[in-house]
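Turn this into a model:
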Amino acid sequence: MKLFFNLIYFCCFGMLRFFVALNSFVFCQDNNCVKLCYCRFNKIVRLFCFILILCIFSSCNSYKPQPDDSQVDDPVEESGAESQIDDYVKKIPSFADEYKKASDAFDKSDIAGAKNIFADLYKQYPELPPPGIFLLQFFIQSKNGNNIKPILEMTTNETPNDPEAYILLADVALQQQELTAAELLLLEAESKLTKYSVNTTRKKSMTSSLLRSQSLLAEVRGRWKDYEELATKRIKHDGESAILLRQKGIALFQQNKEAEAEKIFQLADKIKTKKTKQNTEQGLPAEAMLSRLYATRGNNEKSKKLLNDALEKYPNSKEVILLSIQSRLDENKPEEAKILADKLAANFPEFEAATKIKATIALYLNDFTTAEKLFQDLIILAPSDHQAKNGLALALCEQNDPKKLKRALEYANDNVNKNQQNSEYWSTLGWILLNTKQIDAAKQALQQSINTSNGSITPATAYYLAQLEKQTGNKNQAKQLLEKALQNQTPFAKRRDAQKLLNEL
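The predicted structure is shown next:
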């Protein structure tokens with residue numbers, strides 16, 4: 001599966017966290033199918049689909065939402081230099097002016113000059129973060145990720161007793177799936193943090209960051225007892241919150257302590273209700289949390305019952321409605337999904353994803369005129385929205401209109417030209433080429449889709465290839481492809497068409 005569209009762009013809550021703490025709603029899309037996945041650390045996350053970020057849908061006929069990410073980890077706080085700028089301005093008279101000078105120097109590509117300014121400040125005020133931490137903030141603000149690791153390595157060399165760079169290097173290692181390196185770095189950071197006493201406020205912030213990173217490592221390692229203990233430490237250090245309680249509940253569930261997990265989830269609901277007066281605004285309620293967790297065990301009957309209970313108890317919960325839409329699509333019931341999507345759009349008019357969800361479901365229902373209109377509306381609002389363009393291309397090519405088919409081909413070609421490594425866009429292009437009777441070009445595009453996804457084939461691509469094989473007289477090959485597509489439980493818009501074609505063959 002490719003992650004290619006973020007409902008809320010990855011937020012830079014604190015320097016390196018911009019790149020590694022992917023705690024945000026995202027769209028997961030892979031050519032008419034969506035696979036439920038927890039997206040925190042790129043490919044690592046596939047190991048942990050029981051802890052879920054909200055994967056919403058694919059503009060190419062696919063949709064599969066997941067829970068609010070807030071149930072698994074709290075939003076990453078700003079750390080180090082960035083989180084305490086105001087505090088430094090208040091306590092250090094010259095800080096604001098020096099910081100501006102350094103920022104101006106950086107903007108003029110005078111990196112050494114900016115570093116020297118911070119180095120002078122650090123000598124006078126050792127309670128500040130090291131110079132490299134401030135530079136790192138500048139690089140991230142300028143969206144220059146190539147210098148992150150070198151800056152952090154430089155910082156550990158120049159200020160070896162400061163823990164922060166070690167924590168951030170561990171985050172880099174986690175992002176790159178270098179788990180052993182991350183673990184060693186976190187042990188080193190913990191050792192140095194124990195001895196750090198220069199700035200108690202900064203130490204508290206770094207302790208929060210360390211515990212969070214240790215939690216992420218325990219999670220990806222599947223060390224659920226450690227994960228539970230770290231959640232308890234975080235509650236003690238940062239205060240009890242619904243988010244941290246949900247972490248603890250997940251850890252308990254993974255240790256087969258379902259009853260204890262349920263109690264913790266219910267406690268989290270109460271805390272959240274008291275703080276926000278909206279029980280499901282910042283996370284899934286207990287029933288929905290348990291529904292997702294039981295689903296990952298394959299206990300679909302219990303999962304479905306719990307989700308229905310959640311929908312009945314919280315009929316106006318955005319997160320629960322999204323999960324219910326997913327469930328209906330899992331069961332190949334797009335008509336019911338449409339009713340829920342309409343409710344979602346009516347109840348949450350500010351929720352931008354609702355329009356794309358409705359457009360995607362329209363593709364499931366073969367309501368291509370509606371899908372065309374909705375995707376076109378999205379493109380008007382965001383002309384560079386490649387996912388909406390992909391959905392529009394799919395809607396246009398299905399309407400037996402030569403002019404619309406031509407437009408569909410233009411959109412598909414444009415998407416491929418600008419996203420050469422996106423397997424879904426290649427697959428869409430192949431399908432449209434097939435509809436224009438360009439058999440050889442269609443076959444090449446569909447093969448390119450497979451190549452760019454490391455040899456894997458999605459249900460939608462399998463259906464497109466089956467249509468191609470049928471048209472070229474290879475019925476047995478078409479049947480095999482259709483059977484493969486239908487055996488995959490991932491929802492995709494052409495499932496009913498695939499079943500119909502298989503029956504015909």
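
Tell me which stretches of the protein form strands.
In the chain, the strands defined using DSSP state E lie at 2-5, 27-29, 57-58, 62-63.

Count the neighbours of S213 for me.
26 (other C-beta atoms under 10 Å). All C-beta spots, glycine's among them, are computed from the backbone N, C-alpha and C.

any idea how far it lies from D171?
6 Å (C-beta to C-beta, to the nearest Å).

Check S427 too.
34 Å.

ditto for N347
N347 is 37 Å from D171, by C-beta to C-beta.

go on, S449?
With C-beta to C-beta as the criterion, S449 and D171 are 33 Å apart.

Please apply the same query to P315.
For P315, the distance to D171 - C-beta to C-beta - is 39 Å.

Please say which of these two ends up with more neighbours.
Neighbour count, other C-beta under 10 Å: between P315 and D171, D171 has more, with 29 against 12.

The more buried one reaches Q214, doesn't it?
No: using C-beta atoms under 8 Å as the test, D171 is too far from Q214 to be in contact (11.1 Å).

Check I148 and give its pLDDT.
Listed pLDDT for I148 reads 89.

ah, wrong one, I meant V20
Per-residue pLDDT puts V20 at 34.

so how far is G430 from Q477?
Q477 is 16 Å from G430, by C-beta to C-beta.

neighbour count winner among the two?
Per other C-beta under 10 Å, whichever of Q477 and G430 has more neighbours is G430, with 28 against 15.

got a list of what that one touches?
Neighbour list for G430: 442-446, 448-449, 461, 464, 468 [criterion: C-beta atoms under 8 Å, 6 or more residues apart in numbering].

How about A395?
A395 neighbours (C-beta under 8 Å, 6+ apart): 359, 362-363, 368-369, 371-372, 375.

E372 versus that one, what's the distance?
4 Å.

swap in A462?
25 Å.

who's more crowded, these two?
Remark: of A462 and E372, A462 carries more neighbours, 28 against 24, as counted by other C-beta under 10 Å.

hmm, back to that, okay, and the common contacts of S213 and D171?
A182.

I'd like the distance between the residue nearest to A288 when sequence neighbours are not counted and I321.
Closest residue to A288 apart from its sequence neighbours, by C-beta to C-beta, 6 or more residues apart in numbering: A310 at 4.2 Å. Distance, A310 to I321, by C-beta to C-beta: 10 Å.

burial of the residue lying closest to A170 once chain neighbours are set aside, as a residue count?
In space, and not counting its chain neighbours, A170 is closest to L185: 3.8 Å by C-beta to C-beta, 6+ apart. Residues lying near L185 (other C-beta under 10 Å) number 25.

and if you look at A485?
Neighbourhood size, A485 [other C-beta under 10 Å]: 28.

and what of L311?
20.

separation between it and S327?
Distance of L311 to S327, given as C-beta to C-beta: 9 Å.

again, but for P129
P129 is 47 Å from S327, by C-beta to C-beta.
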